[in-house]
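**Q** the amino acid sequence is not available; the structure is as follows:
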């Protein structure tokens, strides 16, 4: 799950006017896999899902909340009430009812469905009820869940047919969003078609707005240099390209919106049978590495040191939780911690999140070799890595950035049931973190920030996870403008413009 803070930049997209009925061609670095929005935390998949599914409420770039499927909302204790917009239709023409929206929440909160969004965006034990006569939806929480509104803005609602048969959502869509998936060729291309009569986007945004693409053609292109070339020569309108590959796009003064996103984030497998379960081994690995230098190589000199697990702006809990927690390189100390032992460890890294991970982790392998650790490097797409880290567990270290928008979203990844029963893929059992996070979760919103930040520091002190590099992740547009919220582009913000 990739998140990031939004910043402006680049040309303003000056144009003679908007293009009517045009096609937007978007490039993505890897196949999204299963498109079911209730069963994925993968950034590229959630980005495409946002075209076809609507949340109850929407977040603006400045952090404020505006309408979506709900026109108004209130909170009283642990009960949240929403007044739903009337006349909302699904892509098949059926009406999206309050009962169906309630069924979405209850589906996600049922542990039997094993949704990765449970505990991440929807709190365990949440119960939703609907009153069709008043178009009211009530959600009652079984436990405090700070930032509930912000998290709920990331949950797209599935329509009745898709909810009744989730298998249809793997390669299709059934939502109320501004677009519907009209063609899917796995690994190659996904085509979304604009819906007419859509009037319930963020703050009442509609698909009748001039410049909205009539079609969005999403193509899978793994190589960032190829992505940049296609945008420059007019073969595509939109791509996320960072690092050195982005320099020609910057020189061309193309429109862009950027997000600060995690890039270097080292996790250790603390499950049974893994050497990295030992704190001394984790410390030896970290102290054998020159992480600032590896970060520079990884980010191709375009990134910045990590300051915490949350990078989205405005940051819910400001502060640098990384500084002073990670020991610096000390090769002699690392060798001493190993006590003459020779280890062979497997490190997985994502090949589709930008930068130069192959060079960065080859450098890491060279440094670890000096202290007696042989590193087996395996690079793959984020989608494929997730099937390993949440499934087989056949890894010792992994660099796969987990982007979260609020600190409570991190909880299921670093505590609770271990994968595959839960989202705790690294088998972390950090009592100090859990105590502080539990205390913070009982406090509303930002009032628990001191505890949330201290909880993060406990993870870094124990070297359960080591964030070391952030990246500026720009989305480049040619012939299109757009806005950005939490590192994602709201589809209703697309405007095709004339050159």
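**A** Arrived safely. Every value quoted in this text rests on a predicted model; they were computed, and no experiment measured them. Residues are numbered from 1 along each chain as shown.
**Q** tell me the mean pLDDT over the helix or strand hosting residue 366?
**A** Taking DSSP states H and E as the criterion, residue 366 maps to helix 357-369. Across helix 357-369, the average pLDDT comes to 98.
**Q** same question for that helix: list its buried residues.
**A** Using 16 or more other Cβ atoms under 10 Å as the test for burial, helix 357-369 gives 357, 360-361, 363-365, 367-368. The C-beta positions use only the backbone N, C-alpha and C, and glycine is treated the same way.
**Q** what ranges do the helices span in the stretch 51-200 of the chain?
**A** With DSSP state H, counting those that start in this stretch, the ranges of helices along the stretch 51-200 of the chain come out as 98-109, 148-152, 160-164.
**Q** JSON lines for these, including distance to residue 73, mean pLDDT and mean neighbour count?
**A** What follows is the helices of the stretch 51-200 of the chain, written out as JSON lines (distance: least, Cβ to Cβ, whole Å; pLDDT from 0 to 100; neighbours: other Cβ atoms under 10 Å):
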{"stretch": "helix 98-109", "distance to residue 73": "12", "mean pLDDT": "98", "mean neighbour count": "21"}
{"stretch": "helix 148-152", "distance to residue 73": "7", "mean pLDDT": "95", "mean neighbour count": "21"}
{"stretch": "helix 160-164", "distance to residue 73": "22", "mean pLDDT": "98", "mean neighbour count": "18"}
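**Q** who touches the helix holding residue 366?
**A** Residues from elsewhere that reach helix 357-369 (Cβ atoms under 8 Å, 6 or more residues apart in numbering): 264, 285, 288-290, 293-295, 297-298, 329, 331, 345, 347, 349-351, 374-375, 377, 379, 399.
**Q** circling back: what's the closest of the buried residues of helix 357-369 to residue 279?
**A** Set against residue 279, the nearest of the buried residues of helix 357-369 by Cβ to Cβ is residue 368 (17.1 Å).
**Q** for the host helix or strand of residue 436, name the packing helices and strands.
**A** Here residue 436 sits within helix 431-441, counting by DSSP H and E. Counting contacts by 3 or more Cβ pairs under 8 Å, 6 or more residues apart in numbering; DSSP states H and E, helix 431-441 is packed against helix 411-414, helix 449-461.
**Q** and of the ones you listed, who's closest to residue 338?
**A** Residue 338 lies closest to helix 449-461 among these, at 20.4 Å (Cβ to Cβ).
**Q** the helix or strand that the closest one is followed by packs against which elements?
**A** Next helix or strand after helix 449-461 toward the C-terminus (DSSP H and E): strand 465-477. Strand 465-477 sits against strand 238-240, strand 255-268, helix 291-298, helix 449-461, with contacts defined as 3+ Cβ pairs under 8 Å, 6+ apart.
**Q** list the buried residues of the last one.
**A** Which is helix 449-461. Neighbour count says helix 449-461 has 449, 451-460 buried, by 16+ other Cβ under 10 Å.
**Q** show me what contacts residue 96?
**A** 69, 88-90, 157, 159-160, 176.
**Q** how about it: what's its closest non-neighbour residue?
**A** Spatial nearest neighbour of residue 96, excluding adjacent residues (Cβ to Cβ, 6 or more residues apart in numbering): residue 88 at 4.4 Å.
**Q** so that neighbour makes contact with residue 94?
**A** No - Residue 88 is not in contact with residue 94 according to Cβ atoms under 8 Å; the separation is 10.2 Å.
**Q** which one of those two has more residues nearby?
**A** residue 88 (21 against 14; other Cβ atoms under 10 Å).
**Q** low-confidence ranges, the chain, go.
**A** Across the chain, the ranges flagged by pLDDT under 70 are 1-16.
**Q** and for it, the residue most distant from the center?
**A** Centroid-distance maximum for the chain: residue 340 at 40.2 Å, with Cα atoms, centre = their mean.
**Q** ok, how many other residues are close to the residue lying closest to that residue once chain neighbours are set aside?
**A** Nearest residue to residue 340, sequence neighbours excluded (Cβ to Cβ, 6+ apart): residue 372, at 7.3 Å. Close neighbours of residue 372, defined as other Cβ under 10 Å, add up to 17.
**Q** now do residue 87
**A** Residue crowding around residue 87 was assessed by other Cβ under 10 Å; the count is 9.
**Q** next: residue 306.
**A** Residues lying near residue 306 (other Cβ under 10 Å) number 27.
**Q** now it: which helix or strand?
**A** Residue 306 belongs to no helix or strand, assigned by DSSP H and E.
**Q** what's the answer for residue 300, then?
**A** Counting by DSSP H and E, residue 300 is found in no helix or strand.
**Q** enumerate every residue touching the residue nearest to it when sequence neighbours are not counted.
**A** Nearest residue to residue 300, sequence neighbours excluded (Cβ to Cβ, 6+ apart): residue 243, at 3.9 Å. By Cβ under 8 Å, 6+ apart, the residues touching residue 243 are 224, 299-300, 302, 354-356, 471.
**Q** now with 10 Å, please.
**A** 224, 263, 298-303, 354-356, 471-474 (Cβ atoms under 10 Å, 6 or more residues apart in numbering).
**Q** can I get the buried part of the residues you listed as one ChimeraX selection?
**A** To isolate the buried subset of these in ChimeraX, counting by 16+ other Cβ under 10 Å, use the following:
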select :224,263,298,299,300,302,303,354,355,356,471,472,473,474
